[in-house]
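need a structure here:
(one chain, ligands or ions: 1)
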Amino acid sequence: MNKEYIIAILSIIFFNIGICFGQQKPNILFIMTDDHSRHAISAYGSKLVQTPNIDLLAENGILFNNCAVTNAICGPSRAVALTGKYSHINGYKDNRSNFDGNQQTFPKLLQAAGYHTMMIGKWHLHSEPQGFDYWNILIGQGNYYTPSMIENGDTSEIEGYVTDIVTDLSIAQLSARDQKKPFCLMYQQKAPHRNWMPSIKHLELFKNDTLPIPDNFFDDYNTRSSAAKGQDLEVKNMYMSFDMKLDPKTFQNSTENGSGGSKTWDAINSWKNAYKRMSETQKVEWDKHYKPLSEEFYNSSYSEKELAEWKYQRYIKDYLRCIVSVDENLGRMIDYLKETGEWENTLIIYTSDQGFFLGEHGWYDKRFMYEESLITPLIIKLPNKDSASINNDLVMNLDFAPTILDYAGIPAPKDMQGKSLKPVIEGEKLKRKGQYYHYYEFPHGWHSVKKHYGVRTDNFKLIHYYNDSSEWELFDLKNDPQEMNNIYNDTKYNSKQKELHELLIELRLLYKEE
Ligand SMILES: [Ca+2]
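Numbers count the residues shown, from 1 in each chain. Have a look, this model is predicted:
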């Protein structure tokens, strides 16, 4: 029996003795939204939307400005959060993968140590959740209206709007749980994932506004790799049916000229199916809002540039309406915790499975190692401690599992590859030279983003695209934060380029990447 194993067993025994003597362990509320860009959170200075409830967490906690994900896509990112291990170690490299639920995860370790564990909302790991006393998950990506859910193995359809439903179920389970135990709830929203269908109550928000378009919306990708030039995630190509939500009748017998999917995907039918999930009453309200927009489109003519801008406005408004619902429901959750006296003693983590492009480079979606996609929001409210502060260290989603275990008083197993952020929160500087990244979903899958890996430091980023070509990109993040100018092989940066190549090799060895 090795030393770490004995320490882990002893800590679990002492932990349970602590519970018997009424010593309070912190509750853990892990909140994950899907595709939530930092630029749509007012605590991060959003110019687009107000999120007062997310901001409340930041006013009472630590806001992290540099939290990178290891692989910016839904399923893989969730597997990293659960295991504290890179995709090539936990086995979930892209959305075709199947998560091996028999492996070690932080909820399993919490459950073994006496926590009441719950997982509610978006799961997206194909295999059934393990390590939870209660789970109720959306099937696959989940539906915005009348979502199909699996509760501890039984499937049903639930009437209503998904963001409200996931919150209702979460609050109901918090109320019904074994109150003697500390809880860990993974409260995971589907929103604001594509195709951004707002709640009926938020349809009129932003209606008469013209929202600001990023100044690199009409990027020509000059100096960048063939990956940036050949991707399929441009706002200007969004589907008129599935994304723009034109009246479904319009598409009865027609075809689509948009793109942004996988080769075999049927956008028109997907849109019809999403629309069909609404009740008759919801359809009436929905149509009141969207039909005039469809008419406007069919009665107008647009230049290519005007159409791109029109699509951006429709996209961003629906995206933000979904965020407003996320924020209002978070408010309900915060109210519940305060009313039941659990707010003080709860560690709350707010994050997204990765960032998202909100028109930067002309894009939506994620996948690329560029800042908008790589850097995810992270706000941590501590238990029993007022700690409003901002952190700029190079933290990662790899660190979530060890951090949660640390606050629960459980030593992180040695094979977890992340670091606990507790010492960092308590004032130590994080010892990490760079953030290592690897994206795999190519040529299969969605949006045609080539495989790539790379490293990001405080001021620079080096990316290597491989598979069908070998191309490098280097960015000076301080002088070029929008990553418009690839300076790879620019003689002025020779020594920096060499240093980053060395760091990349060092990190690939450290994380056991072949
Ligand atoms: Ca996602």
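
Now do Glu514: how many residues are near it, please.
4 (other Cβ atoms under 10 Å). No exception for glycine: its C-beta is placed from N, CA and C like everyone else's.

let me fix that: Arg508
15.

try the one 3 residues further on
Here the number of neighbours of Tyr511 (other Cβ under 10 Å) works out to 16.

and it, what does it touch?
Tyr86, His88, Ile89, Gln417, Tyr436 (Cβ atoms under 8 Å, 6 or more residues apart in numbering).

and it, what pLDDT?
We have a pLDDT of 98 for Tyr511.

Skip the chain neighbours and tell me the closest residue to it.
For Tyr511, ignoring the flanking residues on the chain, the nearest one in space by Cβ to Cβ, 6 or more residues apart in numbering is Tyr86 at 5.4 Å.

how near is that neighbour to the ion?
18 Å (Cβ to the ion, to the nearest Å).

go on, His361?
According to Cβ to the ion, His361 and the ion sit 18 Å apart.

same deal with Leu320?
Counting by Cβ to the ion, the separation of Leu320 from the ion is 17 Å.

Would you mind confirming that that residue makes contact with His39?
No. Shown here, Leu320 and His39 do not form a contact pair, counting by Cβ atoms under 8 Å, at 10.4 Å.

Mutual contacts of these two, please.
Contacts common to Leu320 and His39, judged by Cβ under 8 Å, 6+ apart, are Leu48.

Give the partner strands of the one helix or strand Lys461 maps to in its sheet and their orientations.
Taking DSSP states H and E as the criterion, Lys461 maps to strand 460-465. The strands that strand 460-465 pairs with in its sheet are strand 452-456 (antiparallel), strand 471-476 (antiparallel) (by DSSP bridges).

Mind listing residues that contact that strand?
Under Cβ under 8 Å, 6+ apart, the answer for strand 460-465 is 225-227, 369, 450-455, 470-477, 483, 488, 496-497, 500-501, 504.

ok, and which of those residues reach the ion?
Among the contacts of strand 460-465, not one lies near the ion by Cβ under 5 Å from the ion.

From those, list the buried ones, please.
225, 227, 369, 450-455, 471-476, 483, 488, 496-497, 500, 504 (16 or more other Cβ atoms under 10 Å).

ranges for the strands of the stretch 201-350 of the chain?
Assignment of strands within the stretch 201-350 of the chain using DSSP state E, counting those that start in this stretch yields the ranges 346-352.

which strands and helices sit next to the helix or strand containing Ile505?
Assessed by DSSP H and E, Ile505 sits inside helix 494-510. If you count contacts as 3 or more Cβ pairs under 8 Å, 6 or more residues apart in numbering; DSSP states H and E, helix 494-510 packs onto strand 435-439, strand 452-456, strand 460-465, strand 471-476.

Mind putting these into a markdown table with mean pLDDT?
Output for these, formatted as a markdown table (pLDDT from 0 to 100):
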| stretch | mean pLDDT |
| --- | --- |
| strand 435-439 | 98 |
| strand 452-456 | 98 |
| strand 460-465 | 98 |
| strand 471-476 | 98 |
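
Start and end of stretch 388-397, how far apart?
21 Å (Cα to Cα, to the nearest Å).

Mind listing residues that contact it?
Contacts of stretch 388-397 (Cβ under 8 Å, 6+ apart): 58-70, 77, 80-81, 351, 376, 378, 418, 421, 424-425, 429-430, 432, 434-435, 456-458.

do that again at 7 Å, thanks
59-70, 77, 80-81, 376, 378, 418, 421, 424, 429-430, 432, 434-435, 458 (Cβ atoms under 7 Å, 6 or more residues apart in numbering).

Pull out the buried members of those residues.
Using 16+ other Cβ under 10 Å as the threshold, 60-64, 66-70, 77, 80-81, 376, 378, 418, 421, 424, 430, 432, 434-435 are the buried ones among those.

In helices only, show me these.
Among those, DSSP state H puts Ser77, Val80, Ala81, Val424 in helices.

And those residues, which is closest to the ion?
Ser77 (6.6 Å; Cβ to the ion).

And the closest one, what's its pLDDT?
pLDDT at Ser77 comes out at 98.

Also Phe15?
At Phe15, pLDDT is 52.

Could you do the one 10 residues further on as well?
Model confidence at Lys25, expressed as pLDDT, equals 95.

Which of the helices or strands spans it?
Judged by DSSP H and E, Lys25 forms part of no helix or strand.

can you check Ile28 too?
Going by DSSP H and E, Ile28 is part of strand 27-33.

now the angle from that strand to strand 346-352?
Between strand 27-33 and strand 346-352, the angle comes out at 10 degrees (axes from the mean of the first three to the mean of the last three Cα atoms, to 10 degrees).

Name the SS class of Met119, please.
Following DSSP: H, G, I helix; E, B strand; the rest coil, the label given to Met119 is strand.

what does the stretch 51-200 of the chain have sitting close to the ion?
Cys74.

actually the stretch 251-400 of the chain, not the one I wrote
Counting by Cβ under 5 Å from the ion, the stretch 251-400 of the chain sits next to the ion at Asp353.
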